[in-house]
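Enquirer: Quick one, what's the 3D model for this:
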Amino acid sequence: MSDAIKHECGIALLRLKKPLEFYKEKYGSAFYGIQKMYLLMEKQHNRGQDGAGFASIKLDVQPGERYISRVRSNDAQPIQDVFAQINDRINSEMALHPEYADNVDLQKANLPYIGELFIGHVRYGTFGKNNIESVHPFLRQNNWMHRNLIVAGNFNMTNVKELFDSLVELGQHPKEMADTVTVMEKIGHFLDEEVIDLYLECKNNGLNKRESSSVIAEKLDIAKILKRASRGWDGGYAMAGLLGHGDAFVLRDPAGIRPAYFHEDDEIVVVASERAVIQTVFNVAFEDVVELEPGNALIIKKDNTVSVKEINTPTVKKACSFERIYFSRGSDAEIYQERKNLGKLILPAVLDAINNDTDNTVFSYIPNTAETSFYGMVEAANDFLNQRKNQFILNNRKTLTKEGLEEILSVKIRTEKVAIKDAKLRTFITEDSSRDDLVAHVYDVTYGVIKPTDNLVIIDDSIVRGTTLKMSILKMMDRLHPKRIVVVSSAPQIRYPDCYGIDMAKLEGLIAFQAALALLKERNLYHIVDEVYTKCKEQENLPDAQLVNYVTKIYEPFTDTEISDKIAKLLKIESIKAEVKIIFQSIDKLHEACPKNLGDWYFTGDYPTPGGNRVVGRAFMNFYEGKNDRAY
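Expert: This is a model prediction of the structure:
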C-alpha cells in the first residue's frame, strides 16, 4: 500500500496441554511455549509495530509463588525487545542457579515467563497513543487467582462512551474513557460476580474459603461471563483472555469483522489472527486450522476441556475485506489466490484504458504488498494475448509463413519492476518545500525499460489518501517518459471512514471524498453537502439502531468512473507530462475475488454494526464544522 495507514492488531494464545517435562523430553526445552510464542508474534509483526506484549501463567503453583508474568514494550522493535527482556531475565537466573539447568520443576517454580498458558499481542496505535500503558495485554489483579484477568485484543468499539457510562452505573470509577479499559472492566465485573456467586454456593454447602477455590475454578462459567460482559458491545473484535487459575478464552464479534483461527491437538491449543501463522509455526495442514465463527468463543478450561460456544447471535457475516487485500500475510493459501484474483478481475478495465494495446504497455506494481495482485493481472494479460494470437493464427492460417508464426509467438506481455521503495528514507526536514522534495524520493524508478510510446500500468493494492501517489509515485514514474500512466487499485474506492480498528477516522483525508466534493462544486450540486449535514445533525441524538448513513448521498450523483477520473485530475500535478488514468476495482469483482470476506463498509458505507452509522455521521459533521477531531 503506497499510503501508509496504521491498522489492526495481532493476537496469539497458546495452551500447553502436557506437563512441561513432556516438552523438555520431546523438543529439548521446557521453554517450548516461550519459543513458539516468539514465532507466533514475529510472524504477525505485519499487524502491529507500535508495541508488543506477552504474559504467561503457571498452573498449580503453591501459595506465595509467582504465577503470572507480563512484559510489554513500545520500543522501536517491540517484539525483539520483549523477548530480549525475557531472555535476559531467564539467563541471569540460570547463571545464578546452575542447579536449574536440567530440572524442569525448579525452572517452573523459580523462573519467570515459563508456564503452560501464554498470551501475546502486537499493536498499532489507532489513536496516536503509544505509551507503555496503552500496550496489551492488560492485567487486572486480585489476590483470588480466579479474579486475575489478562486481556489482549484486536478490536475497536464504536460506543465507548455508552460502555463507560454503563460501568459508572455499576458503581465503578474507570480510570479513563478508552475501549481497552471499558472492555477489560466489563469482563472483570462479571467475572467478580460469578466468583462471588460460586463462593456463596460453596459456603452454603459447608466449604471453607480454601476448599472453595478449586470448586470455583472447576465451575466458573466463562460463556456466561462473556455473554453478560459483551452485551451492548458495538464494534469489531477478537478478544483473548486468561484467568489466573488457568482458564482461557477467545471471543469473536457477531459479524466476524476481526479474524481469529485456532488449532488443537493432543499437545497444544493455539489461536492467532492469521491461519498461515499457525500453519507455519506448528507445521500443520491448512484444514487443521479452524476459523472461530462469528459470535462464538473458544473456551479452554484449566482441565484441558476445549469447547466452542455461541456467546452472541451471529449477524450477517461481514469479515473485513482489507484483511484479504492488504493486512494479512499473503502466505495463506486462500489469501494468495484471492489477491491474484483481484488482479485478474481488474484486467478488462485496464485493457480499456490502454485500448487493448498490450504490445506497447509495461506492467508493474507498487512494492511490496501489490505483488501478488500483479501476478494475477499479468496472468490474465497473458491469457488475453494468447487468445489474440490464436484468433490471428486461425484467421490467417492459409497464408501464414513459418517466419510469421514465429514472430507472432514471440510477442510477450512486458513486465518490469519499475518502482523501488527506499524504505529507510526519512523526511527529517520540516520546512514544507524541502520536505516535499524528500517525500518525492520515497520511491525510485528503474530507468531504461520504458519507451516514449509506452503505457505504464502500475498496480497498487489500494488508494486511501493518494498523498504518496501525488507527491512521489506519479512524479517518479513520469521521469521514465511514458505516454500514459495507468494506476490500478485492486481495491474499490475508499469512500468512508473505518471504525473497527483501521486508522481511517476522517472523511476529508480520503481522496475519493475529495473528488466527490470537487464534482459537486463543478456541477452546482454543493447544496447536497448542506442537506447531508442537516440530516446528520437531526439524528445526532437518536439511538444507534435508528441511524442512517446519509453520507452516501455525496456520491450518488456520480458514476464510479467519474469519481476515478476526478481523482486522477486531483493527483496529477502540473509538472507531469504523461496522461494519467486511475482505475479502481468494482464492488462486485471484490466480492467475487474474496467471497468469504464481504465486509466492504469503507467502499459502500454499509456498516455491519449500528455504531458504524454514528461514526460516519460524526465524521461528516466534523468535516462540515471544520473540527479536526476523530469520529470515534
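
Enquirer: going forward, measure contacts between C-alpha atoms and count neighbours the same way
Expert: Will do.

Enquirer: quick one: the helices in the stretch 301-450 of the chain?
Expert: Taking DSSP state H, counting those that start in this stretch, the helices of the stretch 301-450 of the chain run over residues 322, 333-345, 347-353, 371-395, 402-409, 432-439.

Enquirer: got these as CSV, with mean neighbour count, mean pLDDT and distance to residue 26 columns?
Expert: Shown next, in CSV, are the helices of the stretch 301-450 of the chain (neighbours: other CA atoms under 10 Å; pLDDT from 0 to 100; distance: least, CA to CA, whole Å):
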stretch, mean neighbour count, mean pLDDT, distance to residue 26
helix 322, 20, 91, 40
helix 333-345, 22, 97, 30
helix 347-353, 17, 97, 51
helix 371-395, 18, 95, 38
helix 402-409, 12, 91, 57
helix 432-439, 13, 52, 52
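
Enquirer: among the ones you listed, which is nearest residue 452?
Expert: helix 347-353 (17.0 Å; CA to CA).

Enquirer: For the closest one, which helices and strands make contact with it?
Expert: helix 371-395, strand 484-489, strand 579-584 (3 or more CA pairs under 8 Å, 6 or more residues apart in numbering; DSSP states H and E).

Enquirer: Can you list the buried residues in the last one?
Expert: By neighbour count with 16 or more other CA atoms under 10 Å, strand 579-584 contains the buried residues 580, 581, 582, 583, 584.

Enquirer: Greatest separation within these: which pair is it?
Expert: 580 and 584, at 13.5 Å, using CA to CA across those.

Enquirer: do you know how far residue 30 is from residue 57?
Expert: Distance, residue 30 to residue 57, by CA to CA, to the nearest Å: 14 Å.

Enquirer: Identify the residues contacting residue 153.
Expert: Applying CA atoms under 8 Å, 6 or more residues apart in numbering, one finds that residue 153 lies in contact with 9, 10, 11, 121, 136, 137, 237, 238, 239, 240.

Enquirer: JSON lines for these, including neighbour count, distance to residue 562 and secondary structure?
Expert: Below are the contacts of residue 153 laid out as JSON lines (neighbours: other CA atoms under 10 Å; distance: CA to CA, whole Å; DSSP: H, G, I helix; E, B strand; the rest coil):
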{"residue": "9", "neighbour count": "31", "distance to residue 562": "35", "secondary structure": "strand"}
{"residue": "10", "neighbour count": "30", "distance to residue 562": "38", "secondary structure": "strand"}
{"residue": "11", "neighbour count": "30", "distance to residue 562": "41", "secondary structure": "strand"}
{"residue": "121", "neighbour count": "33", "distance to residue 562": "42", "secondary structure": "strand"}
{"residue": "136", "neighbour count": "29", "distance to residue 562": "44", "secondary structure": "coil"}
{"residue": "137", "neighbour count": "27", "distance to residue 562": "46", "secondary structure": "coil"}
{"residue": "237", "neighbour count": "27", "distance to residue 562": "36", "secondary structure": "strand"}
{"residue": "238", "neighbour count": "28", "distance to residue 562": "38", "secondary structure": "strand"}
{"residue": "239", "neighbour count": "20", "distance to residue 562": "41", "secondary structure": "strand"}
{"residue": "240", "neighbour count": "28", "distance to residue 562": "44", "secondary structure": "strand"}
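
Enquirer: between these, which is closest to residue 511?
Expert: The nearest one, if we look at these relative to residue 511 and count by CA to CA, is residue 9, at 25.1 Å.

Enquirer: For the closest residue to residue 580 other than its chain neighbours, name its beta-bridge partners.
Expert: Excluding the flanking residues, the one nearest residue 580 by CA to CA, 6 or more residues apart in numbering is residue 485, at 4.9 Å. With DSSP bridges as the criterion, residue 485 is bridged to residue 456, residue 580.

Enquirer: residue ranges with poor pLDDT in this structure?
Expert: 1-7, 125-130, 163-165, 167-168, 170-179, 422-441 (pLDDT under 70).

Enquirer: Now do the buried residues in stretch 579-599.
Expert: Buried, per 16+ other CA under 10 Å, within stretch 579-599: 580-587, 589-591, 593-594, 597-599.

Enquirer: Not counting its own residues, what contacts it?
Expert: 257, 317-321, 324, 338-339, 341-342, 345-346, 349-350, 353, 483-493, 564-565, 567-569, 572, 603, 608.

Enquirer: Show the buried residues in those.
Expert: Looks like the contacts of stretch 579-599 have 257, 317-321, 324, 338-339, 341-342, 345-346, 349-350, 353, 483-493, 564, 567-569, 572, 603, 608 buried, using 16+ other CA under 10 Å.

Enquirer: could you redo the buried residues of strand 579-584 as TSV and give each row distance to residue 92?
Expert: As requested, those are exported to TSV (distance: CA to CA, whole Å):
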residue	distance to residue 92
580	61
581	61
582	58
583	58
584	56
